[in-house]
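Student: Any chance you could fold what I've pasted below:
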Amino acid sequence: PGAGAAGAAGSQSAASSVVASAVDSGGSNSNTSNTSNSNASSLGAFAGASASSDSVRALLPGLLQELVTDVQSIERAVATLQQAQEAFVIQYQNFQHSEALQAQAERQHAQQQQQMPAAHLETIRNKRLALEKALAANVERILADRRSLFQQGFSRCIDAMSNALAIVVNSCLQDWKRKQQIGSYMQELLSENLNSIQADAELLAEIIWKNIQQLRQVIMMQNQLPLSLEGNNFQELNPVLIRLLSTLIKHSFIVELQPPRILKTQAKFGATARFLIGGTLHLQMDPPEVMVTIVNEAQARALLSEHVAEEKSEAPTKKRGKKPKASTSSTDSAMGGVGAAAAAAASAADMSSGDILNNRKVMAFERSSNIMNAEFKSMSIRKIKRGDTKEQVVTEEKFALNFQMSFKVGGDLSFTLNALSLPVVVVVHGNQLCNAEATVLWDSAFAELDRIPFAVPFAVPWHVLSSVLRHYFVQTTRSPLNDIHVAYLLEKIRPEGDDRKAEDVVVSWQMFNKESIPGRTFVFWEWLYGIVELIRKHLFAPWAQGCIYGFLGKAMAQELLSDKQPGTFLLRFSDSEVGGITVAWVGVDEAGNKQVFHLQPWFSKDLTIRSLQNRIHDLQELQFLWPNIPKKLVRGLECTQDAPSQSSRTDYVQSSIAAIIPGSSANSMMGSGSQAFMDSRLLLQSLDNMPDSFFGSFGGGAGVSHIDMDASESMDNEEQF
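Tutor: Below you'll find the predicted structure:
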């Protein structure tokens, strides 16, 4: 018994340490999160971490299957122990009866009330001794069965459940949340992956709950038949199992569909909270209500501090016949009891930084998929309370939505759960969107999941930031940046005179969104955001098809065009204006010499009136897209339908707008029906001279990826061309 107690204590300690590591992962923080060398949150580092965690997650199915087998073995062992104890009780009653017979016979023999043969008395004594030996042997067997059940059964199972819990919480859910944070997958794929995680969490919850029921049965049997010299205190394992269940419950309440990272007051938005093991806990019988509040950074830190303090405190031991004491805590979960729903709601109301309309929803349960969630479709921030710090810019102040619900499990375990959304920025005007998106991008890309809310590193290596920008362009424009683009962006953001290698450059938040680009009046992010918005609104097809060279300086554009024939042009984003695109082309000056000209940039207001594609076709000076592709064959530069006139009058002849270059000789050809800039032989020659490697070699805005060969087939005769 002594050795059994020592072994159980060691096993319990090991299990608790594993669970503690799983719990602490949600609240621990590292000082490296504020250093420029902390690039674990970069996309590349995350990919490496994901690969490592994949090998860990591969262990989960086998571990869960072993747990199912172990729980079944415990079930059989408990049944065997119960039969042995019941047989022992009957045997003990027989022994007591034998003792009574022996005592009566010995009294009668001593009093000589009647003659009793000595042989008969000896027979009674021998029968009692045999029963006593059998009882002693049965006690040893029962103690051995209990010891085996304690050490090889519950303690071993607790260790395995702790390991499985750590994988589900620290690997599966953490990776899913990280992918959700950086937006690396579409929502459908995230949901599909979450369904797989839910299946594992549900099975683990069933295993833990079954183990709790088995333990309670053994504790009841131990109380019914207390044996001396027994060191197997099954009662000590109860809080460990409750802690395992509580940790799984807490981490299973998540924000499945995040709210928009930028929220505008008075505007509707949606979000969805999901409870992965709600069906397993049978909460559909009395579904809880979820309430949403908005909290600022200090309040989010307070919530996290309460959670960490409670998780690190020892779980209380439940005593038979007594209900666990209620707590008024509003943290993520409770070990053995939390305050009532009304107290939790009052606490959540106090922990709020604004008013949200339509912020209450009862959990819904879909039986076919076993999904329990609360889907909020029409929430709206009516009022927001800003912080008192005057130095903080409004668009850099981060909030979070706090989803809270309360419920009971098994009639005696109460829980109040909180799930914080990713940080959001609340704006009032549309002109705040640029800076707000910078805050969101920096937070999404570089924040650690286990940080202190909402800490982010002050500076990051350029190679990390460039990976984020590549990813950002794919997400927003559906086309990536290439190496030429990235090299150009580095030159834009780095200080003048900084000749360090790209891998040695560190970019601070100040350089990203505070300090003006050298020689300009705007900051790097403002300039880049203007380009992204221009692509999203007006240049989606040309950018996706590779018609726009994109990030290129004026000097480099002149160098690329210097040896090209007249009429060759390329499209690049303006480096001196915010949100502009310009054309550089080869023309002929008044003296008849080739010269590279640069058109005044077009902005969003210009392209709203007439599209880029139509403007390119309007200008007869532009005939070949760099390096030598006839513009009529370029997929992505086809003419488009401009915005229709707002007038509904039918008694007027409609007019249209066309782009021209004042003073250009090419203007005289417009409207004549003659486009004799080149003949068909030159057209075919230009196609024949193009290298085979050209097509598809320019990804994401640097060159042309498709040629419309149908157009060339329709130009078989010179007159038609």
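
Student: Need the three-state assignment for the most centrally placed residue in the chain.
Tutor: The central residue of the chain, meaning the one whose C-alpha is nearest the mean C-alpha position (CA atoms, centre = their mean), is Lys177 at 2.1 Å. In terms of secondary structure, Lys177 is helix; the call rests on DSSP: H, G, I helix; E, B strand; the rest coil.

Student: Also Gln565?
Tutor: Remark: Gln565 carries the secondary structure label coil [criterion: three-state DSSP].

Student: Quick check: Phe458 touching Trp509?
Tutor: Yes. Taking contacts as CB atoms under 8 Å, Phe458 lies within contact range of Trp509: 5.9 Å. Every C-beta, even on glycine, is put in place using the N, C-alpha and C of the backbone.

Student: higher neighbour count, the two?
Tutor: Neighbours around Phe458 and Trp509, counted as other CB atoms under 10 Å, are more numerous at Trp509. The numbers are 19 against 14.

Student: Tell me the buried residues in the helix or strand hosting Leu469?
Tutor: Assessed by DSSP states H and E, Leu469 sits inside helix 462-477. Neighbour counts over helix 462-477 (16 or more other CB atoms under 10 Å) mark 462-473, 477 as buried.

Student: Pull the distance from it to the chain's centre.
Tutor: Taking the mean of its C-alpha atoms, helix 462-477 sits 18 Å from the chain's own mean (CA atoms, centre = their mean, to the nearest Å).

Student: Now do the contacts for the closest residue in space to the residue nearest to the centre of the chain that isn't next to it in sequence.
Tutor: Here the nearest residue to Lys177 in space, its sequence neighbours aside, is Leu449; by CB to CB, 6 or more residues apart in numbering that works out to 5.9 Å. When contacts are counted by CB atoms under 8 Å, 6 or more residues apart in numbering, Leu449 touches 174, 177-178, 181.

Student: now swap in Arg128 and tell me
Tutor: Shown in contact with Arg128 (CB under 8 Å, 6+ apart): 95, 98-99, 101-102.

Student: In strands, which of those appear?
Tutor: Secondary structure defined by DSSP state E assigns none of these to strands.

Student: so where does Leu165 fall, helix or strand?
Tutor: Secondary structure assignment for Leu165, by DSSP H and E: helix 156-166.

Student: Glu533 should be in a strand, yeah?
Tutor: No. Per three-state DSSP, Glu533 lies outside any strand segment and is helix.

Student: That one and Gly579 touch, don't they?
Tutor: Yes. Glu533 lies in contact with Gly579 (CB under 8 Å); the separation is 6.4 Å.

Student: Pull up the overlap in contacts between these two.
Tutor: Residues touching both Glu533 and Gly579 (CB under 8 Å, 6+ apart) are Ser604.

Student: Next one: Val507, what pLDDT does it get?
Tutor: As summarised for this prediction, Val507 has a pLDDT of 95.

Student: hang on, it is in a strand, isn't it?
Tutor: Yes. Secondary structure of Val507, determined by three-state DSSP: located in a strand.

Student: Please name the residues that touch it.
Tutor: With contact set as CB under 8 Å, 6+ apart, Val507 has these partners: 459-462, 465, 493.

Student: Same list (the residues you listed) but as a markdown table, adding distance to Asp589.
Tutor: Rendered in a markdown table, the data for the contacts of Val507 read as follows (distance: CB to CB, whole Å):
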| residue | distance to Asp589 |
| --- | --- |
| Ala459 | 48 |
| Val460 | 47 |
| Pro461 | 46 |
| Trp462 | 41 |
| Leu465 | 42 |
| Ile493 | 36 |
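
Student: Nearest to Leu417 among those?
Tutor: Of all the contacts of Val507, Val460 has the smallest distance to Leu417: 33.4 Å, by CB to CB.

Student: host element of Arg382?
Tutor: Using DSSP H and E, the element containing Arg382 is strand 371-384.

Student: mean confidence score for the helix or strand following that strand?
Tutor: Per DSSP H and E, strand 371-384 leads on to strand 399-409 as the next helix or strand towards the C-terminus. Mean pLDDT, strand 399-409: 95.
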